[in-house]
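Engineer: Give me a 3D structure for the following:
(chains A and B)
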Amino acid sequence: GDSVTQMEGPVTLSEEAFLTINCTYTATGYPSLFWYVQYPGEGLQLLLKATKADDKGSNKGFEATYRKETTSFHLEKGSVQVSDSAVYFCALSDQKGAQKLVFGQGTRLTINP
Amino acid sequence: DARVTQTPRHKVTEMGQEVTMRCQPILGHNTVFWYRQTMMQGLELLAYFRNRAPLDDSGMPKDRFSAEMPDATLATLKIQPSEPRDSAVYFCASGPGLAIGNEQFFGPGTRLTVL
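Structural biologist: Numbers count the residues shown, from 1 in each chain, chains lettered A, B, ... in the order given. Sure thing, here's the model as predicted:
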């Protein structure tokens, strides 16, 4: 079945550092790919998405590119802030059926001032 | 500001008791999903609905869990009887339909503790 594998956490960085969180997927067909973020005590929020190969999703300084050849969707940000501290989830949804999401295990990110 | 709402936010109960969690999807959304989040298993899809009809509930333990949508503004997830292993955060999410790449909007979750 479809699956998503994320970089193990937790990840701790200093403010203004460069961030990469790796995500690879296994799926039949051509899934849509997502990054969701979960702040403490809250539900998940969509951070960015890409629906076809070579698409780049971006939001709030975060970026991720849909790489079909490497089945990857790595999350990057050039300069992180303390407010970026959260848990980040990579997910896919298939392009058939009910668009249900399959999530990676999540990566907890802590940014120190 | 349209949001998915869930009640209760926290629930502590004893093993064997019935638990009912409620979700109000965003008005106009026709797909509703129930997820469970635990440290060990991460986020798991339990069930989902389209236009109030259940499409798939294969993620739920059938003997004790049930999910329904009595109307378009209410989705319920019931556990009877509850067990300590059901302790988790339960999220409801709604979406505007089944188009490719459609976002799911998550509620704040119900944190369930079964003693």
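Engineer: Please count neighbours and contacts with C-alpha atoms only from this point.
Structural biologist: Noted.
Engineer: Number of residues surrounding the residue of chain A found nearest chain B?
Structural biologist: Closest residue of chain A to chain B, C-alpha to the nearest C-alpha: A:Gly43 (4.3 Å). A total of 21 residues lie near A:Gly43 under the criterion other C-alpha atoms under 10 Å in any protein chain shown.
Engineer: Spit out the contact partners of it.
Structural biologist: B:91, B:106-109 (C-alpha atoms under 8 Å, 6 or more residues apart in numbering or on different chains).
Engineer: how close does it get to B:Ala53?
Structural biologist: Distance of A:Gly43 to B:Ala53, given as C-alpha to C-alpha, to the nearest Å: 24 Å.
Engineer: Among the contacts of A:Gly43, name the ones in strands.
Structural biologist: B:91, B:106 (DSSP state E).
Engineer: What is the most widely separated pair among the contacts of A:Gly43?
Structural biologist: B:Phe106 and B:Gly109 (8.0 Å; C-alpha to C-alpha).
Engineer: out of those two, which sits in the more crowded spot?
Structural biologist: Between B:Phe106 and B:Gly109, counting by other C-alpha under 10 Å, B:Gly109 is the more crowded of the two (30 against 26).
Engineer: Disregarding residues adjacent in the polypeptide, which is nearest to the more buried one?
Structural biologist: In this structure, B:Gly109 finds its nearest non-sequential neighbour in B:Phe91, 4.4 Å apart by C-alpha to C-alpha, 6 or more residues apart in numbering or on different chains.
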